[in-house]
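Q: here is my input; please provide its structure:
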Amino acid sequence: MAWKIATFNVNGIRSRLHVLLTWIERNKPDVLCLQEIKCRDVEFPFDAMRDAGYEASVFGQKSFHGVAILSLRKPEELRRGFGGDGSDVEARLIAAKIDGIWIFNTYVPQGRSPDNPAFQEKLAFFARLKELFSREHKPSEPIVWTGDINVAPEDMDVFAPKRMEGKIGFHPEEKQALAGVVSWGFIDLFRKHHPELRQFTFWDYRLPKSFDRDLGWRLDHIRATECVARASIDCRVDAAPRGEPGPSDHAPVWAEIELGGIGA
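A: Here you go, the predicted structure:
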């Protein structure tokens, strides 16, 4: 059975609900991970998601951040935040076990600038994430790590690598921190299927006509442990929603996985 998982930073789910529902209707993923929902749990549009056929697992926050996982089937297990006890100051991580696969949806801090304290918080987030995986899981398990990772790992993942080197989102320390988590046992599904394709997922509103000029970054990723990556069929970016009215500054990324191939 082909199983589709997707990730989408919606940049405010209430203002972007029409964009999200249109994309869901066109693509019908089994699982959709959302970031930057920018609402409290009680403000989340549960009814609209239910009408679209989805269970919604939410870890929200007033006005900022917030993550959610939409799924056609109810999660077998669920955690919100690193501790799982609601003690996280910012709502940036939610994980669910669905169809036997643990899915970790993260909205990694942007970091602001390399000389800002928020940059060290970003590096600490990666370190904390790797510690979580090492403490509670094994690379042999079927796991997907996805979301707005806020790091472009390679030169081909930014529109102007020489100009961007050392800046937020493309700083050597960020790339090293991301690589540290990846080294635990994750494979970049987009690069697995498209090793030479220059494709972005984020086009900054503040840069004039950034989408029309394709001045973007690949910040949104779907990564998986080896058993899941081996069973993956494809992984692509759907840039179309970024060019439609009232868009998020991010585009959805999706991957298809043959569930029967995970244990093969």
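
Q: contact partners of stretch 119-126?
A: Defining contact as Cβ atoms under 8 Å, 6 or more residues apart in numbering, one finds that stretch 119-126 is touched by 92, 106, 108-113, 150, 168, 171, 173-174, 177-178, 180-181. Glycine gets a C-beta too; all of them are placed from N, C-alpha and C.

Q: just the ones in strands from these, please.
A: The strands, defined by DSSP state E, take in T106 from those.

Q: just the buried ones from the contacts of stretch 119-126, in PyMOL syntax?
A: Buried residues within these, by 16 or more other Cβ atoms under 10 Å, are selected in PyMOL with:
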select buried, resi 92+106+108+109+110+111+150+168+171+174+177+178+181
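
Q: for the residue nearest to F44 when sequence neighbours are not counted, helix, strand, or coil?
A: Using Cβ to Cβ, 6 or more residues apart in numbering and skipping residues adjacent in sequence, the residue nearest F44 is V58, 4.9 Å away. Following DSSP: H, G, I helix; E, B strand; the rest coil, V58 is assigned to strand.

Q: how many other residues sit next to V58?
A: Residues contacting V58 under the criterion other Cβ atoms under 10 Å number 23.

Q: was I right about it contacting I37?
A: Yes. Using Cβ atoms under 8 Å, V58 is in contact with I37, at 7.3 Å.

Q: mutual contacts of these two, please.
A: With Cβ under 8 Å, 6+ apart, V58 and I37 have common neighbours F44, G66, V67, A68.

Q: what helix or strand is L78 located in?
A: Taking DSSP states H and E as the definition, one finds L78 inside strand 77-80.

Q: understood, closing this out.
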